[in-house]
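Asker: Predicted model and sequence follow; I will ask about them next.
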Amino acid sequence: MSLKPALVLVIFLHNYAIATLGSDPDPVKDFCIPNTGIATCKNSSAATVEDFVFSGIKFPGKFSETGLAANPVNVNIFPGLNTLGMSFVRADFEVGGINVPHFHPRATEIAFVLEGRIYSGFIDTNNRIFAKVIEKGEVMVFPRGLLHFQMNVGDTPATILGSFDSQNPGLTRIPNAVFGSGIEEKLLEKAFGLNAKDIAKLKRKFAPH
């Protein structure tokens, strides 16, 4: 094999591997409802329609101090999603409420505005921002692993429905990850140009409760 065809083959295999590993694996069964406490699927003959219905997002959840109530629907909450490679979220915003900068390490998200006006955007790896106000009936996509955020800029409460291409997309909130995870204070002082008192205040605010 000459060098050029070999190089093309290597590039193809590399890209194929990235595509293959970049999302949840394809299922090998119609569905796999996990047995409670056992890493096996429930016998398909024992499955019922209730295994495929979730009613937990009919109403908003509990609002946080940021004015956000998020109800995730992932495999940890809705076992019927197991092996199906997708999940969902309902996010409700009080007037002025925000969804702090965060990312999902295992999924791309597409967000649909059910009600309200949301300033919504993401930042790419070149530190370029893509943001605008999206309104009822509009959607925005957040590429996998990229930092994104939302804020209700309307005069009424707002609701977003989000869909993910992973049964368990993961969630890392930047303030909590940086100031609530136990990173050495000296490093944070140098990284953000803050003094020890300010860092201690932020760590208390974002520490796990």
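Answerer: Nice, thanks for sending it over.
Asker: buried sites along stretch 189-200?
Answerer: Along stretch 189-200, these residues count as buried under the neighbour rule (16 or more other CB atoms under 10 Å): I199. Any C-beta I mention is one placed from the backbone N, CA and C, and that applies to glycine too.
Asker: And for stretch 175-185?
Answerer: Of the residues in stretch 175-185, those scored as buried under the neighbour-count criterion (16+ other CB under 10 Å) are N176, V178, F179, G180.
Asker: Same question for stretch 104-112.
Answerer: Of the residues in stretch 104-112, H104, R106, A107, T108, E109, A111 count as buried by neighbour count, 16+ other CB under 10 Å.
Asker: what's the closest of those to N195?
Answerer: Within the buried residues of stretch 104-112, distances to N195 taken as CB to CB reach their minimum at H104, with 33.0 Å.
Asker: what's the helix or strand where I118 lies packed up against?
Answerer: For I118, the host element (DSSP states H and E) is strand 117-123. Helices and strands touching strand 117-123, by 3 or more CB pairs under 8 Å, 6 or more residues apart in numbering; DSSP states H and E, are strand 129-135, strand 139-142, strand 147-152, strand 158-164.
Asker: Dig out what G162 forms beta bridges with.
Answerer: For G162, the beta-bridge partners are V89, A111 (DSSP bridges).
Asker: residues touching the residue nearest to the spatial centre of the chain, list them.
Answerer: Of all residues in the chain, the one closest to the mean position by CA atoms, centre = their mean is H104, 3.8 Å from it. Under the criterion of CB atoms under 8 Å, 6 or more residues apart in numbering, the neighbours of H104 are F142, R144, G145, F164, S166, P169, G170, L171, T172.
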